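# Build me a model:
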Amino acid sequence: MRYKVSRINGTDRGEALFQQDMDSLLRQSPLFSSDDFFSADVYTSIRFENDEKAIQQNVVIRTEKEESISVEQEAEIKRMIERLKSGWRPAMENNNVVNTSYMIRMQIKSAANYPIGVYRLDLGSTSQKTKFGLPCFQSYNINKDYEILRYLFTASEIMAEYNGGLQCMANDINMLLDISRYSRGERIQDSCTIDFIVNREGKFGLLDTYKPKNEHEELILKRLRQLSCNWKPGISGGRRLNTSNKYRFFYSYVSKNTSEQDHPRQLKIDKIVRLRGEAVVNR
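Here you go, the predicted model:
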């Protein structure tokens with residue numbers, strides 16, 4: 001099959017062929033014209049579970065203006081992606097399928113001197129070893145855990161890191177947020193900064209007094225707790241350390257035509273940036 005998933009770095013290496021086939025289908029369709037301006041961001045994912053058959057997740061299509069894409073065009077893009085689904089093959093390890101999900105993001109556009117096609121494509125995998133649940137989450141009390149909190153390191157030779165890196169963490173959070181619910185409408189961008197602890201066992205934790213500043217940070221924290229087992233500890237001089245960490249989460253959400261109850265589910269992580277951690281208590 002065409003889109004062979006490579007084991008190298010846990011990422012996909014079928015981008016070029018997939019992009020070529022999408023370009024071909026778009027240019028054959030009478031619903032899209034290279035003479036008209038068109039721009040849409042498309043999000044989906046494929047998943048492999050124990051066999052070589054790809055499972056297609058929901059396809060989400062976003063545009064700057066809701067009226068800039070017709071219902072027919074949206075349905076056509078979804079049909080194209082479904083048609084190409086059978087082209088994917090999973091990574092293999094010791095003749096076994098590596099169970100993982102691959103996030104697919106692409107921008108489809110046309111404009112003057114730009115024929116309709118895919119102009120930005122990103123295929124990133126979630127870690128095949130990602131663990132979901134709360135068994136590793138640690139809650140720290142300023143009195144009970146004073147000695148641990150007093151000697152937290154804010155810098156080390158190798159800083160604490162999420163398995164697979166920042167993009168993998170964003171992918172895993174978005175998978176838990178289920179971005180297939182991400183509806184069209186006016187997009188609002190924001191960010192929040194979260195201070196947390198990764199102990200020498202690689203477990204994510206928070207002070208028991210930590211309070212989220214808004215509903216979006218609360219939702220991100222909920223997902224981070226579910227991913228609390230997926231960290232590598234900081235290391236200096238060959239020793240594992242308890243570290244204080246600070247990350248900024250850039251996210252976007254849709255407020256148009258959503259009820260207050262559904263509002264948090266419109267959240268999507270766009271980018272994560274590591275900042276310098278701060279001391280929790282004075283030594």
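# Point to the helix or strand of this structure where mean pLDDT is at its lowest.
strand 3-4 (a mean of 64; mean pLDDT, DSSP states H and E).
# Show me where the stretch 51-200 of the chain has its helices.
With DSSP state H, counting those that start in this stretch as the criterion, the stretch 51-200 of the chain has helices at 71-84, 146-150, 166-177.
# Pick the most buried one from these.
helix 166-177 (a mean of 21; mean count of other C-beta atoms under 10 Å). C-beta coordinates here come from the backbone N, C-alpha and C atoms, glycine included.
# would you list every one of the strands in the stretch 51-200 of the chain?
For the stretch 51-200 of the chain, applying DSSP state E, counting those that start in this stretch gives strands covering 55-56, 60-62, 88-89, 92-93, 96-97, 100-111, 114-125, 138-140, 161-162, 187-198.
# Paired strands for the third one, with orientation please.
With DSSP bridges as the test, strand 88-89 is paired with strand 3-4 (parallel).
# Next secondary structure element downstream of the strand it pairs with?
helix 15-28 (DSSP states H and E).
# how much space between Leu206 and Ile142?
12 Å (C-beta to C-beta, to the nearest Å).
# Could you do Ser101 as well?
38 Å.
# of those two, who's got more company?
More crowded of Ser101 and Ile142, by other C-beta atoms under 10 Å: Ser101, with 20 against 13.
# Just list whatever residues bridge to the more buried one.
For Ser101, the beta-bridge partners under DSSP bridges are Arg47.
# how close does it sit to Ala91?
12 Å.
# Tell me which residue lies nearest the centroid of this protein.
Asn171 (1.9 Å; C-alpha atoms, centre = their mean).
# pLDDT value on that one, please?
Per-residue pLDDT puts Asn171 at 83.
# same deal with Ala75?
In this model, Ala75 carries a pLDDT of 92.
# Kindly report the same for the one 3 residues further on.
pLDDT for Lys78: 91.
# nearest residue to it other than its sequence neighbours?
Nearest residue to Lys78, sequence neighbours excluded (C-beta to C-beta, 6 or more residues apart in numbering): Val59, at 4.8 Å.
# just to revisit the earlier point, and the strands of the stretch 51-200 of the chain, which is most packed in?
Most buried among these, counting by mean count of other C-beta under 10 Å: strand 161-162, with a mean of 22.
# which residues sit against that strand?
By C-beta atoms under 8 Å, 6 or more residues apart in numbering, the residues outside strand 161-162 that reach it are Cys168, Met169, Leu227, Asn230, Trp231, Lys232.
# Pick out whichever of those residues sits closest to Met159.
Distance to Met159 across the contacts of strand 161-162 (C-beta to C-beta) is lowest for Lys232, with 9.2 Å.
# Go ahead and confirm the closest one touches Met159.
No. Contact criterion C-beta atoms under 8 Å: Lys232 and Met159 do not qualify, at 9.2 Å.
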